[in-house]
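**Student:** here's my sequence, what's the structure:
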Amino acid sequence: MKIRDSRRRATFRLGSALAVLAVSVGVAATPSFAVPPSTPPTTTPFTTPNTDSCPQKTRPPAPIDESEVPAPGQPTPSALPIPTPAIGGARLAECGVVLPKGAPPVPQDISATAWQVSDLDSGEVLAAKDPHGRYRPASTIKVLLATIALRTLDLNKVIVGTEDDANADGTRVGIGPGGHYSNRQLMQALIMASGNDAAHAIASQLGGETATVAKMNELAKSLRALDTRTATPSGLDGPGMSTSAYDLSVLFREAMTIPLFAELIHTEQVDFPGFPANPTIPGDKDRPGFPIGNDNHLLYDYEGALGGKTGYTDDARQTFVAAAQRNGRRLVVTLLQADVRPLRPSDQAARLLDYGFALPKGSAIGTLPTADSKDAKTGATLASPPPKGVDQAMDPMTTTDHSNSRTVWIIGGTILVLALLLGARRISRRR
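**Tutor:** Numbers count the residues shown, from 1 in each chain. Down below sits the predicted model:
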């Protein structure tokens with residue numbers, strides 16, 4: 001793994017320090033620079049979790065808190081169906097480490113329970129561990145929210161921050177009541193700093209949390225990310241929440257077709273607006289604007305990094321998705337239920353990317369869904385073409401055109417036959 005110019009990391013750290021200073025003088029919400037809490041020191045030897053027996057084939061691991069308890073009167077979501085055959089190819093139904101024939105062993109010190117390395121352009125899956133095992137996505141699910149928002153919202157529209165935005169649970173970028181924010185700035189806060197307050201402000205414009213979750217699930221389904229079910233727009237754990245290393249690769253690949261998404265995940269630092277004093281609080285003062293930095297360490301440390309998205313909750317643990325480019329080849333890596341030991345997730349991702357780039361082109365254990373058409377209802381790229389051997393005339397995406405053509409020929413032919421018969425009858429009468 002090559003190290004980028006140290007000045008870029010210094011810039012990031014300076015931005016972090018300025019943001020912390022802004023907080024100390026009165027910003028209500030903490031800008032999102034902090035890496036999630038690390039695991040306390042332990043003498044227990046590290047071992048990579050074994051998934052050979054498919055422990056997460058149907059559901060994520062049991063939660064450690066009550067975040068997934070349904071609201072009163074709401075049922076507990078049932079497990080998502082398991083597609084048969086496995087999406088992406090037969091080998092992706094395996095649950096342990098899955099490698100191309102003759103490939104070298106995977107890097108050591110990877111604590112992620114599930115991971116996958118794929119080619120962002122060809123869609124080839126190069127290597128994986130428990131690719132369809134179901135885990136919690138945490139904030140990596142914001143990739144799905146961003147895809148919908150970037151295709152739906154007017155990025156120049158300015159909204160006014162609310163108390164509900166400012167009080168969003170979890171990591172916040174620092175939206176304040178009465179502050180003015182363009183949707184572009186909200187997208188920066190969502191993608192770069194993983195702001196749950198930004199997610200709340202965006203979801204409010206998409207019809208509210210329930211409507212937004214429904215749209216996210218609809219898009220995931222249309223992309224054939226069938227291990228994925230969203231319960232919250234921000235990625236906070238909720239009833240039935242799940243994704244897989246395979247699905248997260250699919251969702252990120254779709255988002256990367258949007259130029260502004262690719263730009264924002266590659267942006268290191270931007271200025272974010274402050275907000276006015278609260279008139280109901282005596283002596284309250286205006287909050288100045290402050291810089292926000294990208295919380296993806298891989299962006300600063302890995303040569304060719306394109307950007308990515310981090311995530312963390314107590315139940316999901318460390319989650320991560322990122323992409324990098326080398327010699328004209330773009331790879332995406334996903335990590336689920338990782339830990340910060342023995343390496344932090346960005347370093348684990350770097351090792352897996354190095355491994356993927358070292359594999360010869362054409363090495364594959366499966367494929368991501370092929371994107372070759374658009375869903376008229378969602379605007380999403382459809383994930384897979386009709387199965388091989390199926391008559392295209394019977395494909396529901398093309399049936400309408402063929403049916404119209406057949407109808408025109410039938411009606412035209414009928415009119416011609418009737419005209420000939422009528423003409424013949426008139427001639428017979430004249431005779």
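**Student:** show the contacting residues for the residue lying closest to V97 once chain neighbours are set aside.
**Tutor:** Leaving aside its chain neighbours, V97 sits nearest to K129 (4.8 Å; criterion: C-beta to C-beta, 6 or more residues apart in numbering). Every residue, glycine included, has its C-beta placed from N, CA and C. For K129, the contacting residues are 51, 96-98, 106, 110, 112-116, 245, by C-beta atoms under 8 Å, 6 or more residues apart in numbering.
**Student:** those residues in helices, which ones?
**Tutor:** Among these, the residues falling in helices (DSSP state H) are A245.
**Student:** and the helices in the stretch 251-400 of the chain, which stretches?
**Tutor:** Here the stretch 251-400 of the chain has its helices, by DSSP state H, counting those that start in this stretch, at 259-265, 298-301, 345-358, 399-430.
**Student:** how far does the shortest one sit from its chain's centre?
**Tutor:** Spelled out, it's helix 298-301. Computed by C-alpha atoms, centre = their mean, to the nearest Å, the chain-centroid distance of helix 298-301 equals 19 Å.
**Student:** next one: stretch 166-184
**Tutor:** Relative to its parent chain, stretch 166-184 has a centroid offset of 21 Å by C-alpha atoms, centre = their mean.
**Student:** what does stretch 90-110 give?
**Tutor:** In this view, stretch 90-110 has its centroid 23 Å away from the chain centroid, taken as C-alpha atoms, centre = their mean.
**Student:** can you tell me how far the residue minimising distance to the centre of the chain is from T257?
**Tutor:** The structure's the chain has its C-alpha centroid closest to V143; by C-alpha atoms, centre = their mean the separation is 3.2 Å. Here the criterion is C-beta to C-beta, to the nearest Å. By it, V143 lies 12 Å from T257.
**Student:** my read: S118 touches L126, true?
**Tutor:** Yes. Using C-beta atoms under 8 Å, S118 makes contact with L126 at a distance of 6.3 Å.
**Student:** now the common contact residues for these two.
**Tutor:** Common contacts of S118 and L126 (C-beta under 8 Å, 6+ apart): L331.
**Student:** between those two, which one's more packed in?
**Tutor:** Applying other C-beta atoms under 10 Å to S118 and L126 shows that S118 carries more neighbours, namely 32 against 28.
**Student:** doesn't the more buried one fall inside a strand?
**Tutor:** Yes. With DSSP: H, G, I helix; E, B strand; the rest coil as the criterion, S118 is part of a strand.
**Student:** hey, what's it bridged with?
**Tutor:** For S118, the beta-bridge partners under DSSP bridges are V125, V332.
**Student:** which intervals of the stretch 1-150 of the chain have sub-threshold pLDDT?
**Tutor:** Within the stretch 1-150 of the chain, the ranges that satisfy pLDDT under 70 run 1-45.
**Student:** mind listing the strands for it?
**Tutor:** Listed in chain order, the strands of the stretch 1-150 of the chain (DSSP state E, counting those that start in this stretch) span residues 97-98, 114-119, 124-129.
**Student:** now the ones you listed as CSV including distance to Y181?
**Tutor:** Compiled in CSV, the strands of the stretch 1-150 of the chain are given as follows (distance: least, C-beta to C-beta, whole Å):
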stretch, distance to Y181
strand 97-98, 44
strand 114-119, 34
strand 124-129, 38
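**Student:** deepest-packed of these, please.
**Tutor:** Most buried of these, by mean neighbour count (mean count of other C-beta atoms under 10 Å): strand 114-119, with a mean of 28.
**Student:** now Q188, nearest residue through space, not along the chain?
**Tutor:** Leaving aside its sequence neighbours, Q188 sits nearest to V270 (C-beta to C-beta, 6+ apart; 5.3 Å).
**Student:** so that neighbour sits against M187, correct?
**Tutor:** No. Using C-beta under 8 Å as the test, V270 is too far from M187 to be in contact (10.6 Å).
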